[in-house]
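# here is a sequence with its predicted model. Questions after.
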Amino acid sequence: MGHVEVAHLSHALPDGRVLLDDVSFRVGEGAKVALIGPNGAGKTTLVRLVAGDLAPQQGSVTRSGGLGVMRQFIGGIRDQTSVRDLLLSIAPPRVREAAERVDAAELVMMERDDEPAQLRYAAALAEWGDAGGYDFEVHADACTIAALGISFDRCQWREVATLSGGEQKRLVLESLLRGRDDVLLLDEPDNYLDVPGKLWLEEQIAATPKTVLLITHDRELLARSAERIITVEDGAVWTHGGGFASYAQARRDRFDRLDEMRRRWDEEHEKLKQLVRMYRQKASYNSDMASRLQAAVTRLRKFEDEGPPLEPPREQNVRMRLRGGRTGKRAVICENLELTGLMRPFDLEVWYGERVAVLGSNGSGKSHFLRLLAGDPVTHTGECRLGARVVPGIFAQTHARPDLAGRTPLEILMTEHALLTNEAMASLARYELTPCARQDFATLSGGQQARLQILLLELAGSTLLLLDEPTDNLDLASADALQEGLEQYSGTVVAVTHDRWFARSFDRFVVFAESGEVREAPEPVWDSGRVERQR
């Protein structure tokens, strides 16, 4: 087994802003530790520093054992076009290099099949075997069968883009968990996984002897998997030695201690300044007091040089003002609706003011259903219509918003909603988006993009919110703020979610079962087979 130790690590952004300041922590052998914090606090940067993608500007990172890394955005890795490329991207370096030589030799063979080319190809195959390439093929076969239900031979050249986000995540997780690396860095491994996938991930984390450091915003996954929690806040980190159940109280207790330490420091600081003032006054008419004055000044200077204790991090204050508005009694009417190739015909009525959670496994048609309600061209039969005065607004799961590409949040608000600069900045401030107001949409973190999408729904005055996995990239405070905002929202909400914590706040549950049936359940159902068995 391996470990990770970070000592006095600091990192500044290109614009000079200090992201991490004197960060230190240790993840011991076999530990299961969660790394949490607000969106944009530096969690992914910290993982990249631990992984060696970035060189520390100050401080050091030490680790033992092999290191396996899951990136936050799997599909964004360059040249990762096929399933084979994806699995090779997380394979040992020697296997990757040998694969590149085999590929290059095969290209030469295609151009000219002469003796030198044949010899080069034979040498590349020999090196592939020596590097463990054939073992890699056996490993890859086990991973693709477990994740996709298909052998490696049949799917190795399949484009990664044709896999769902959940399939991509599951494939990489299978490879890392089955691999030889002792330490795993997992950046939001639960995103795009359905609940059976998340339950599987929780079981694997609990069972593996590997050391695991993971970033996640999923409150159920935190509660079930994290033995310790490291929080990144205001450039610093602190470690809670227990699980998520005691985390909120531990955080409040820490803030109270920091407040008390700062109060005592301020009191002592004032006493020392008063002492200096007193001796300075006395020294003005009594030269014998000069030495005492100098001693008091020296004591005050040393005290100030040591600096005050750490201040409590500024609490996030995301304030969502989702308003909505009155509509007809029936907000959504579906009659004999069938999305071609995805589900059997079903009827559904959603009434004004209801909170409907749409549940089911990946690929069952949930996102297509939301897109149809939003007015997108989705192939279907039967009827689907909205009630009187229903204005739909959709939150896109993948944040694929070509209409926002190349624009900044400030520009979007000013052009799309005719806000003045100060009005737009005030709206962005309520969503903690002021620091990125002039950044290109594509450069925002996943959580910042999610909060901006919710703000746009608020400003659009939508009376029907169609939310496709809205909490996937939201930090804990933002997810709580969204739930509070929805409680105050005077409209109808239909949300696709795999967030078990979030789903408990809804009052109706529509399950898209694997059989193609669409049925209601009295409570959240994560095993869609249960719905079929209840018939």
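Arrived safely, thanks for sending.
# which residues does residue 522 contact?
By Cβ atoms under 8 Å, 6 or more residues apart in numbering, residue 522 lies in contact with residue 509. (Glycine included, C-beta is placed from N, CA and C.)
# how about the strands in the stretch 151-300 of the chain?
For the stretch 151-300 of the chain, applying DSSP state E, counting those that start in this stretch gives strands covering 183-187, 211-215, 228-233, 236-240.
# let's have those in JSON lines, adding mean pLDDT.
Shown next, in JSON lines, are those (pLDDT from 0 to 100):
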{"stretch": "strand 183-187", "mean pLDDT": "94"}
{"stretch": "strand 211-215", "mean pLDDT": "95"}
{"stretch": "strand 228-233", "mean pLDDT": "94"}
{"stretch": "strand 236-240", "mean pLDDT": "92"}
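# closest one to residue 432 among those?
Closest to residue 432 of the strands of the stretch 151-300 of the chain is strand 228-233 (Cβ to Cβ; 13.0 Å).
# that closest one: how far from the chain's middle?
Taking the mean of its C-alpha atoms, strand 228-233 sits 14 Å from the chain's own mean (Cα atoms, centre = their mean, to the nearest Å).
# which strands or helices does that strand pack on?
The helices and strands touching strand 228-233, judged by 3 or more Cβ pairs under 8 Å, 6 or more residues apart in numbering; DSSP states H and E, are strand 18-27, strand 32-36, strand 236-240.
# TSV for the strands of the stretch 151-300 of the chain, including mean neighbour count?
Shown next, in TSV, are those (neighbours: other Cβ atoms under 10 Å):
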stretch	mean neighbour count
strand 183-187	24
strand 211-215	24
strand 228-233	21
strand 236-240	18
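# looking at the ones you listed, which is closest to residue 22?
strand 236-240 (7.3 Å).
# the closest one - contacts with which helices or strands?
If you count contacts as 3+ Cβ pairs under 8 Å, 6+ apart, strand 236-240 packs onto strand 18-27, strand 228-233, helix 247-283.
# the shortest one pairs with which strands?
The one in question is strand 228-233. Note on strand 228-233: by DSSP bridges, its sheet partners are strand 32-36 (parallel), strand 236-240 (antiparallel).
# now do the last one against helix 247-283, angle only.
This means strand 236-240. Angle of strand 236-240 versus helix 247-283, following axes from the mean of the first three to the mean of the last three Cα atoms, to 10 degrees, is 130 degrees.
# now do the first one
Comparing the axes of strand 32-36 and helix 247-283 via the same axes, to 10 degrees yields an angle of 60 degrees.
# return the distance of strand 32-36 from the chain's centre.
Centroid separation for strand 32-36 versus its chain: 13 Å, with Cα atoms, centre = their mean.
# quick one: contacts of the helix or strand following that strand?
Next helix or strand after strand 32-36 toward the C-terminus (DSSP states H and E): helix 43-51. The contact list for helix 43-51, computed with Cβ under 8 Å, 6+ apart, reads 4, 6, 9, 11, 19-20, 23, 35-37, 54, 56, 61, 63, 67, 69, 72, 185, 187, 213, 215, 232, 445.
# follow-up on the earlier one: format the helices and strands packed on strand 236-240 as JSON lines; extra columns: distance to residue 509.
Formatted as JSON lines, the helices and strands packed on strand 236-240 follow (distance: least, Cβ to Cβ, whole Å):
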{"stretch": "strand 18-27", "distance to residue 509": "38"}
{"stretch": "strand 228-233", "distance to residue 509": "30"}
{"stretch": "helix 247-283", "distance to residue 509": "27"}
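# in contact with the closest residue in space to residue 266 that isn't next to it in sequence, which residues?
The shortest distance from residue 266 to any non-neighbouring residue, by Cβ to Cβ, 6 or more residues apart in numbering, is to residue 308 (7.7 Å). Counting by Cβ under 8 Å, 6+ apart, residue 308 touches 262, 265, 266, 269.
# again with residue 508
Per Cβ under 8 Å, 6+ apart, neighbours of residue 508: 350, 354, 355, 356, 357, 520.
# quick revisit: element containing the residue nearest to residue 266, please.
Going by DSSP H and E, residue 308 is not part of any helix or strand.
# that one and residue 235, how far apart?
Applying Cβ to Cβ, to the nearest Å, the value for residue 308 to residue 235 is 16 Å.
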